[in-house]
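**Q** I need the structure of the sequence given here:
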Amino acid sequence: MLRSLGAEVVPVRRPADLDGVAGLVIPGGESTVIDKLTRMLGLAVPLRERISAGMPVLGTCAGLILLSDRLADARPDQQTLGGLDVLTRRNAFGGQNESFEADLRVPELGSRPVHAAFIRAPVVEEPGEAVQVLAALPDGRAVAVEQGALLGLSFHPEVTGEPRFHERFLAHVRAA
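**A** Numbers count the residues shown, from 1 in each chain. The predicted model follows:
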């Protein structure tokens with residue numbers, strides 16, 4: 001998605017890879033595994049420092065979990081990178097069989113709805129005062145949030161070919 005929008009994309013697998021990076025995407029996947037890998041590879045502390053220093057980050061699904069300051073239904077040993085003043089519930093909709101798609105109103109992205117794919121998705125239960133809720137489900141549960149240069153999404157915009165969140169993320173990178 002980022003390449004299609006003209007961005008140079010490099011993988012970050014070790015602390016030295018962060019040196020030339022202006023922004024970071026933390027993708028979906030298994031948040032507990034990503035947490036363990038960032039700690040094992042020595043990335044957790046440098047990532048926390050860069051996030052605290054204002055590096056733009058887009059976190060989708062597991063990435064939202066890792067950007068959250070607080071978690072519900074997490075393993076006792078699970079850690080996050082933090083940055084988003086939110087309480088996020090992991091697997092808020094259930095397991096793989098409860099995955100679904102929905103159209104979301106996101107006024108900050110224009111009048112056309114965002115078609116979103118939720119796959120074992122988290123949900124933001126308690127956004128802090130500095131957090132802007134960009135999108136919520138009809139029942140009011142927040143599924144897209146922004147705080148400064150941090151964007152957290154419960155869903156996978158790349159699965160449905162939705163570029164507008166990635167465009168917003170790249171705008172944060174250019175501004176930084």
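
**Q** Find the residue at the geometric middle of the chain.
**A** residue 59 (1.7 Å; Cα atoms, centre = their mean).

**Q** Note down every partner strand of whatever helix or strand that one lives in and its orientation.
**A** Element membership for residue 59 (DSSP states H and E) is strand 57-60. The pairing partners recorded for strand 57-60 under DSSP bridges are strand 24-26 (parallel), strand 150-153 (parallel).

**Q** Could you give the average pLDDT over it?
**A** Per-residue pLDDT over strand 57-60 has a mean of 98.

**Q** Could you pick out the longest helix of the chain?
**A** helix 164-175 (DSSP state H).

**Q** Now that helix: buried residues?
**A** 165, 166, 168, 169, 170, 172, 173 (16 or more other Cβ atoms under 10 Å). C-beta here means a position set from N, CA and C on the backbone, and glycine is covered the same way.

**Q** Equivalent analysis for stretch 6-23, please.
**A** Buried residues in stretch 6-23, counted by 16+ other Cβ under 10 Å: 7, 12, 18, 23.

**Q** Kindly export it (C-alpha atoms) in PDB.
**A** The C-alpha coordinates for stretch 6-23 follow below in PDB (Å, rounded to 0.1, in the frame of the first residue of the first chain):
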ATOM      1  CA  GLY A   6       5.100   6.600  -3.600                       C
ATOM      2  CA  ALA A   7       6.800   5.800  -0.300                       C
ATOM      3  CA  GLU A   8      10.100   4.100   0.100                       C
ATOM      4  CA  VAL A   9       9.500   1.100   2.300                       C
ATOM      5  CA  VAL A  10      12.200  -0.800   4.300                       C
ATOM      6  CA  PRO A  11      11.800  -3.600   6.800                       C
ATOM      7  CA  VAL A  12      12.800  -2.900  10.400                       C
ATOM      8  CA  ARG A  13      14.200  -6.100  12.100                       C
ATOM      9  CA  ARG A  14      16.900  -4.700  14.400                       C
ATOM     10  CA  PRO A  15      17.600  -1.400  16.200                       C
ATOM     11  CA  ALA A  16      20.100  -0.200  13.500                       C
ATOM     12  CA  ASP A  17      17.200  -0.400  10.900                       C
ATOM     13  CA  LEU A  18      15.400   2.400  12.700                       C
ATOM     14  CA  ASP A  19      18.200   4.900  12.000                       C
ATOM     15  CA  GLY A  20      16.900   6.000   8.600                       C
ATOM     16  CA  VAL A  21      13.200   5.500   9.200                       C
ATOM     17  CA  ALA A  22      10.900   8.500   9.300                       C
ATOM     18  CA  GLY A  23       7.800   6.600  10.200                       C
END
